[in-house]
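[1] The following comprises the amino acid sequence and a computationally predicted model.
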Amino acid sequence: MASTALFQSLPFPHKSRNPSKAGGQAALRVRASGKQRRPAEENIRDEARRLKAREEQQVFSAKYVPFKGEGSSGEWYSLDEIVYRSQSGGLLDVEHDLGALKRFDGEYWRSLFDSRVGKTTWPYGSGVWSKKEWVLPEIHDDDIVSAFEGNSNLFWAERFGKHFLGMNDLWVKHCGISHTGSFKDLGMTVLVSQVNRLRKMNRPVVGVGCASTGDTSAALSAYCASAGIPSIVFLPANRISLAQLVQPIANGAFVLSIDTDFDGCMQLIREVTAELPIYLANSLNSLRLEGQKTAAIEILQQFDWQVPDWVIVPGGNLGNIYAFYKGFKMCQDLGLVDKIPRLVCAQAANADPLYLYFKSGWKEFRPVKSTTTFASAIQIGDPVSIDRAVHALKSCDGIVEEATEEELMDAMAQADSTGMFICPHTGVALTALFKLRNTGVIKPTDRTVVVSTAHGLKFTQSKIDYHSRNIKDMACRFANPPMQVKADFGSVMDVLKTYLQKSSEKDGVKSRKHKGGLSIDCTVIFPLGTMPFGGAIASALWANLVLSKPKKG
Ligand SMILES: N[C@@H](CCOP(=O)(O)O)C(=O)O
């Protein structure tokens, strides 16, 4: 039985292991509706500090241990130490005191996490810090650096699922609709918060550094800028999108554009951080994965704690596939759910070392020399988290798939044509889904979640090339290039009539096939020379609504 002090330090004013059974839910309702407005001179950090002062003791804890116990026995490190590898050179993992967490049942944790969603209370308004007890339990709220990341949209891909895959329960977890436009925010809030704490403790950290294919550097520089901490980023020259390059520049990072690929940059940052008091922010640092795992918990939460059948995650450096596994596994181990989904890791065929390893029956891992891919953020041939990924996939009967350049670009265009605007990496994940549906491994009614890792707006050049049919050896089957028209009424009317004729024929076929519904065709008219491909903004929008009513009789 837990001690009184233990319960007093927890967020609910009761002493039950199960709030709903002992009036906890009622307390929750009162708290939710009756919270008094804080005094005008107090901000949300001050308020959190005042409320925390009432708490008596810290009950949860976490530490670094060698990943899967592969170090010397009894080896562990405080999270306040600056350490990335075990004594034997292996990976580390953050291990939580599950015994302490287990003093509370699954219903308690579900209710607690649910009670924090969408609030402005510091720091729980963040989808990451709303699970603080499972992430970085010992950090003071005051040290947290957060942009209220997480709580990202779980999008029901109704039209894409139905139209292209015959699926009715397909979802896209839009982790890229986030502060810096990728899932990296989830991990970076944790890592930079811990750095903030270390610096306040006068630990030798003059700055934080990473190697990046674009998203990690964007997140690192933004979180560091918001805390006033110097950031240093190593980028492979000419291998990341312009939008990604400008992010750390704008956020004041020290940007090194290095004439090598990501694996080369990773090697260099490891050597540099071993020499200088620069803290390593890549996911070799297991702190990052503590934040990233909350996306898995969030998915369960968004399904009212029902477990999906499949979760498909794009994979490059391979920290994220393990983070998802860890989030799901903690929910199972702590009684929030009774099983975990099967995971699929999706790689670009031009950077597919995990896929090859999987196909060999996990016989021998060989890094590859990656080649250019539109999925540039996962162009990694020697992934740091290979052991973590293999452990995750073996533990959940997982699968690895791959996508060629043409497959991933077609899948991206198809998804966009149903109202999404996804990144090429999500195109890789959707290709994996196409393949697994075609082979019948994923069934039409399986509840499936595709993890979208970054915002499509970071990758407009690849979309422009595709829709311009400007990619060598690629048919660009779903390209939708703009039509150039002379500036006279007759020419405009001619192209519109042809367009409308074609779309009503298409629509007629559709309404016969699908018994009706509402479809909206949209035509955008641009003055010549201001086409979006020239970078200008649309000047006029003309929409044609076609009601495809069911035919009678
Ligand atoms: N895709 C990553 C590559 C670095 O991976 P990380 O897991 O070490 O951050 C990026 O966006 O830079």
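    Ah, there it is.
[2] care to break the chain down by domain?
    The chain resolves into domains spanning 154-179+299-467, 489-548 when parsed by automatic domain parsing.
[3] Please tabulate the ones you listed in a markdown table, including the columns mean pLDDT and mean neighbour count.
    Using the backbone N, CA and C atoms, a C-beta is placed for each residue, glycine as well. Below are those laid out as a markdown table (pLDDT from 0 to 100; neighbours: other CB atoms under 10 Å):
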| stretch | mean pLDDT | mean neighbour count |
| --- | --- | --- |
| domain 154-179+299-467 | 98 | 22 |
| domain 489-548 | 58 | 12 |
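[4] what's the closest of those to the ligand?
    Of all the domains of the chain, domain 154-179+299-467 sits nearest to the ligand, with 3.6 Å by CB to the nearest ligand atom.
[5] Endpoints of the closest one, how far apart?
    In domain 154-179+299-467, first residue to last residue: 27 Å (CA to CA, to the nearest Å).
[6] and the nearest residue to Lys339 once chain neighbours are set aside, what does it touch?
    Nearest residue to Lys339, sequence neighbours excluded (CB to CB, 6 or more residues apart in numbering): Val307, at 5.5 Å. Val307 makes contacts with 300, 328, 337-341, as judged by CB atoms under 8 Å, 6 or more residues apart in numbering.
[7] try Ala295
    127, 150, 152, 173, 175, 183, 186, 323-324, 327, 451.
[8] And it, how close does it get to Gly456?
    Note on Ala295: its distance to Gly456, by CB to CB, to the nearest Å, is 18 Å.
[9] where do the helices sit along the stretch 151-300 of the chain?
    According to DSSP state H, counting those that start in this stretch, the stretch 151-300 of the chain carries its helices in the segments 158-160, 184-200, 215-227, 242-250, 262-275, 287-292, 294-302.
[10] Can you report how many residues lie near Ser126?
    Here the number of neighbours of Ser126 (other CB atoms under 10 Å) works out to 26.
[11] Name the SS class of it, please.
    Following DSSP: H, G, I helix; E, B strand; the rest coil, the label given to Ser126 is coil.
[12] Give me the phi and psi for it.
    Torsion angles at Ser126 (phi, psi; degrees, to the nearest 10) stand at phi -80, psi 140.
[13] which stretches of the stretch 151-300 of the chain have low pLDDT?
    Across the stretch 151-300 of the chain, nothing is flagged by pLDDT under 70.
[14] Which residues of it lie near the ligand?
    184, 212-216, 282-283 (CB under 6 Å from any ligand atom).
[15] Pick out the most distant pair among those.
    Gly214 and Ser283 (14.4 Å; CB to CB).
[16] Nearest to the ligand: which residue in the stretch 51-200 of the chain?
    Closest residue of the stretch 51-200 of the chain to the ligand, CB to the nearest ligand atom: Lys184 (5.9 Å).
[17] Name the nearest residue to that residue, sequence neighbours excluded.
    Ala219 (3.7 Å).
[18] Tell me who's in contact with the one you found.
    By CB under 8 Å, 6+ apart, the contact set of Ala219 is 179-180, 182, 184-185, 187-188.
[19] quick one on the thing from earlier: which PyMOL command selects the buried ones in the residues of the stretch 151-300 of the chain next to the ligand?
    Burial among those is assessed by 16 or more other CB atoms under 10 Å; the matching PyMOL selection reads:
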select buried, resi 184+212+213+214+215+216+282+283
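[20] Just give me the longest helix of this protein.
    Longest helix in the chain by number of residues (criterion: DSSP state H): helix 489-514.
[21] what helices or strands is it leaning on?
    Under the contact criterion of 3 or more CB pairs under 8 Å, 6 or more residues apart in numbering; DSSP states H and E, helix 489-514 touches strand 517-525, strand 540-548.
[22] Is the ligand within reach of the helix or strand encompassing Leu433?
    Leu433 belongs to helix 424-438 when elements are defined using DSSP states H and E. No - using CB under 6 Å from any ligand atom, helix 424-438 stays clear of the ligand, coming no nearer than 8.4 Å.
[23] could you say what helices and strands the helix or strand just after that helix packs with?
    Sequence order places strand 448-452 as the next helix or strand after helix 424-438, per DSSP H and E. Judged by 3+ CB pairs under 8 Å, 6+ apart, strand 448-452 is in contact with strand 170-174, strand 310-314, helix 424-438.
[24] Distance from the chain centre to the second one, please.
    Okay, so that is strand 310-314. How far strand 310-314 lies from its chain's middle: 11 Å, per CA atoms, centre = their mean, to the nearest Å.
[25] Thank you, goodbye.
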